[in-house]
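Engineer: got a sequence here, can you model it:
(one chain, ligands or ions: 1)
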Amino acid sequence: MQFFSTRNHAHTVSSAQAIVNGLAPDGGLYLPTTFPAFPMNELSHMTGEDISVRVLSSLFDDFSEEQIRRAVRAAYTDAFENGNIAPLVPVSDGYISELWHGPTCAFKDVALCLLPHLLTMAARSLDVTDTICILTATSGDTGSAALSGFTDVDGTGIIVFYPDGGVSPMQKRQMVTNEGKNTAVCAVHGNFDDAQSGVKAVFASDLHIPGVRFSSANSINIGRLAPQIAYYFQNYRDLMNRGVIALGDPVNFVVPTGNFGDILAGYFAARMGLPVGRLVCASNENRVLTDFFATGVYDRRREFHLTASPSMDILISSNLERLLALTVGDTKTAELMRDLKENGAYTLPADALSDMRRVFSAGWATDEACAEVIRRVFERDGYLMDTHTAVAYSVYEAWKTSEEGNGAPTVILSTASPYKFVSSVLRALGHTPTEDGFRDMQALSDISGMPIPHGLAKLRTATVHHTDITEPSEMQTYVAKIAAILGGRTNV
Ligand SMILES: *Cc1c(COP(=O)(O)O)cnc(C)c1O
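Structural biologist: Numbers count the residues shown, from 1 in each chain. Just a heads-up that it's a prediction; the model follows:
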């Protein structure tokens with residue numbers, strides 16, 4: 001399989017190269033030249049592992065099926081409860097796909113447990129012998145999931161920068177207690193943008209450390225997107241095997257969306273043959289995507305809202321560029337991306353918008369609506385969801401009675417454990433959170449009867465290993481210091 005840049009279809013690379021490069025040289029994102037057909041008639045007999053292996057090996061054909069199976073096994077078997085990346089729970093008239101049973105209790109684990117293995121396989125197949133050093137700036141979830149995924153994976157190292165005071169206490173604990181021998185975590189005096197700009201500046205610089213190749217773990221990498229395709233097939237299999245649907249029946253998916261990566265994986269699944277009814281894009285008050293699907297105008301020039309679903313507080317949804325390229329082609333995509341960069345906005349041609357709206361619906365929800373949903377569904381069904389899932393659930397309820405709603409079974413993707421955003425969830429249930437996250441988790445457990453996930457409970461007694469802090473202007477020096485250690489293959 002070849003992969004081309006969203007901004008130039010003539011620029012193609014192998015799957016291994018697409019994974020190692022992350023971003024195409026022209027700034028575009030990689031897309032497969034075709035979507036391989038998934039063998040739907042075999043789906044009902046496949047295990048979750050079989051599904052992941054089939055999806056990944058049909059896209060990443062530089063690796064053998066055996067290699068991919070080993071990687072999937074190494075990534076998921078111990079990290080996820082029963083190795084299951086997407087348990088499906090019926091709630092009222094819908095189905096909730098719980099994608100957060102991994103080590104850091106958010107859905108990013110599904111991709112970030114696997115990405116290190118894909119990266120090292122890709123590097124090996126290209127005869128890259130350098131240590132792959134991941135650089136990440138994080139506002140919370142990505143940093144902890146990436147650290148967890150890359151910890152002690154041979155041939156890799158990772159440096160995570162987070163804004164000092166800009167992540168939740170629990171997210172900070174998840175990061176600074178990391179025990180990996182190849183991991184570095186450093187606070188930055190500044191906000192998330194300072195940390196992010198610092199990382200971008202290192203990538204753009206000519207910093208060269210012998211024995212090291214820098215790479216990125218954010219969702220523009222096709223190696224991070226592809227693992228997410230599998231759980232759409234798995235949810236469909238479960239609905240078939242429970243007798244809810246027959247092979248070929250449509251299923252809708254409602255996806256809490258920020259960077260448009262998760263929902264795009266659902267679109268890829270549809271292109272590979274999954275009978276998808278509608279993909280419903282759910283946003284919080286940063287509703288740039290809702291407006292885009294309503295009007296065809298993408299306009300980031302608006303107020304940025306800090307919400308109770310912080311992992312979706314985004315005004316530039318990078319992965320939308322892939323949907324654009326598949327709809328309007330490379331030349332137009334390059335033009336629209338230029339408009340976005342230079343003017344902060346672009347307008348989609350009308351026919352392209354109606355093409356997209358044949359598959360995509362969109363809606364948004366306020367923090368108040370989400371809190372109401374968390375409380376009502378808990379009281380009605382005994383089911384507790386986090387604030388990101390509540391955005392999707394709220395949008396689902398409005399969507400199903402709208403013009404675009406249909407009677408098909410609907411899966412709502414749940415992207416985080418309620419314990420990960422414990423103070424907002426407690427408040428939604430009418431309780432007053434304290435300053436102490438562990439006490440709050442215990443309170444939530446007493447109320448809900450749901451066990452506290454091990455990955456969060458164990459943080460209480462975990463030892464802090466990372467206390468580094470830097471000025472934004474010193475980030476490159478810090479990277480050079482850590483990378484030199486990684487390049488020498490000694491412990492950080
Ligand atoms: C990252 C994240 C999202 C958004 O997913 P995208 O792929 O960026 O659209 C939603 N919920 C949670 C909890 C997340 O961490």
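Engineer: check which residues of stretch 16-30 are buried.
Structural biologist: Residues 16-24, 28-30 are the ones in stretch 16-30 that count as buried (16 or more other C-beta atoms under 10 Å). Every C-beta, even on glycine, is put in place using the N, C-alpha and C of the backbone.
Engineer: which one among those residues gets closest to Asn218?
Structural biologist: Closest approach between the buried residues of stretch 16-30 and Asn218, by C-beta to C-beta: Gly22, at 8.2 Å.
Engineer: I figured that closest one hits Ser215, correct?
Structural biologist: Yes. Between Gly22 and Ser215 there is a contact under C-beta atoms under 8 Å: 5.9 Å.
Engineer: any shared contact partners between the two?
Structural biologist: Shared contacts of Gly22 and Ser215, defined by C-beta atoms under 8 Å, 6 or more residues apart in numbering, are absent.
Engineer: quick one: stretch 423-433 to chain centroid distance?
Structural biologist: Offset of stretch 423-433 from its chain centre (C-alpha atoms, centre = their mean, to the nearest Å): 26 Å.
Engineer: so what's Phe38 up against?
Structural biologist: Contacts of Phe38 were listed using C-beta under 8 Å, 6+ apart, and they are 54-55, 58, 233, 269, 272-274.
Engineer: ranking the residues you listed by neighbours, who comes first?
Structural biologist: Val55 (27 neighbours; other C-beta atoms under 10 Å).
Engineer: mind checking the SS state of it?
Structural biologist: helix (DSSP: H, G, I helix; E, B strand; the rest coil).
Engineer: gap between it and Ser125?
Structural biologist: Counting by C-beta to C-beta, to the nearest Å, the separation of Val55 from Ser125 is 19 Å.
Engineer: likewise for Ser5?
Structural biologist: As for Ser5, its distance to Ser125 is 21 Å (criterion: C-beta to C-beta).
Engineer: for Arg302, same thing?
Structural biologist: Distance of Arg302 to Ser125, computed by C-beta to C-beta: 44 Å.
Engineer: comparing the two, which residue is more hemmed in?
Structural biologist: Comparing Arg302 with Ser125 by other C-beta under 10 Å, the one with more neighbours is Ser125, at 18 against 13.
Engineer: nearest residue to that one in space, please, no chain neighbours.
Structural biologist: Spatial nearest neighbour of Ser125, excluding adjacent residues (C-beta to C-beta, 6 or more residues apart in numbering): Ala16 at 4.7 Å.
Engineer: which residues does the one you found contact?
Structural biologist: Residues in contact with Ala16 (C-beta under 8 Å, 6+ apart) are 60, 62-63, 121-123, 125-126.
Engineer: same thing but at 6 Å, please
Structural biologist: Applying C-beta atoms under 6 Å, 6 or more residues apart in numbering, we find Ala16 in contact with 62, 122, 125-126.
Engineer: do the same with Ala137
Structural biologist: The contact partners of Ala137, by C-beta under 6 Å, 6+ apart, come to 161, 195-196, 199.
Engineer: now the strands for the stretch 101-250 of the chain?
Structural biologist: If DSSP state E, counting those that start in this stretch is used as the criterion, the strands of the stretch 101-250 of the chain fall at 131-137, 156-163, 183-188, 212-215.
Engineer: what of the stretch 351-492 of the chain?
Structural biologist: 360-364, 410-414, 468-470.
Engineer: return the most buried member of the ones you listed.
Structural biologist: strand 410-414 (a mean of 25; mean count of other C-beta atoms under 10 Å).
Engineer: now do it: everything it contacts.
Structural biologist: Strand 410-414 has contacts (C-beta under 6 Å, 6+ apart) with 94-98, 235, 252-255, 389, 392-393, 396.
Engineer: how about a cut-off of 8 Å?
Structural biologist: By C-beta under 8 Å, 6+ apart, strand 410-414 touches 88, 91, 93-100, 107, 235, 239, 251-256, 262, 277, 385-386, 388-389, 392-393, 396, 400.
Engineer: tell me the confidence at the residue nearest the centre of the chain?
Structural biologist: Centroid-nearest residue in the chain: Lys108, 4.3 Å away (criterion: C-alpha atoms, centre = their mean). Lys108 is assigned a predicted lDDT (pLDDT) of 94.
Engineer: wait, it touches Thr138, no?
Structural biologist: No. Here Lys108 lies out of contact with Thr138, judged by C-beta under 8 Å, at a distance of 10.2 Å.
Engineer: what sits in contact with each of the two?
Structural biologist: Both Lys108 and Thr138 are in contact with Ala146, where contact means C-beta under 8 Å, 6+ apart.
Engineer: close to the ligand, is the lowest-mean-pLDDT helix or strand in the chain?
Structural biologist: In the chain, no helix or strand scores lower on mean pLDDT, DSSP states H and E than helix 192-204, which sits at a mean of 84. No. Helix 192-204 lies out of reach of the ligand by C-beta under 6 Å from any ligand atom, never closer than 13.7 Å.
Engineer: buried stuff in that helix?
Structural biologist: Within helix 192-204, the residues scored as buried using 16+ other C-beta under 10 Å are 192, 194-199, 202.
Engineer: same deal with stretch 279-296?
Structural biologist: Burial within stretch 279-296, assessed by neighbour count using 16+ other C-beta under 10 Å, is assigned to 279-293, 296.
Engineer: which residues does the residue nearest to Arg489 when sequence neighbours are not counted contact?
Structural biologist: Excluding the flanking residues, the one nearest Arg489 by C-beta to C-beta, 6+ apart is Thr131, at 6.8 Å. Residues counted as contacts of Thr131 (C-beta under 8 Å, 6+ apart) are 155-157, 211-213, 486-487, 489.
Engineer: out of the strands of the stretch 351-492 of the chain, which comes closest to the ligand?
Structural biologist: strand 410-414 (8.4 Å; C-beta to the nearest ligand atom).
Engineer: chain center to stretch 195-208: distance?
Structural biologist: Distance, stretch centre to chain centre, for stretch 195-208: 22 Å (C-alpha atoms, centre = their mean).
Engineer: pretty sure Cys105 contacts Tyr419?
Structural biologist: Yes. Contact criterion C-beta under 8 Å: Cys105 and Tyr419 qualify, at 6.5 Å.
Engineer: list the residues that contact both of the two?
Structural biologist: With C-beta under 8 Å, 6+ apart, Cys105 and Tyr419 have common neighbours 453, 456.
Engineer: all the helices of the stretch 151-300 of the chain, residue numbers only.
Structural biologist: Under the criterion DSSP state H, counting those that start in this stretch, the stretch 151-300 of the chain contains helices at 169-176, 192-204, 222-225, 229-241, 261-271, 288-295.
Engineer: noted, bye for now.
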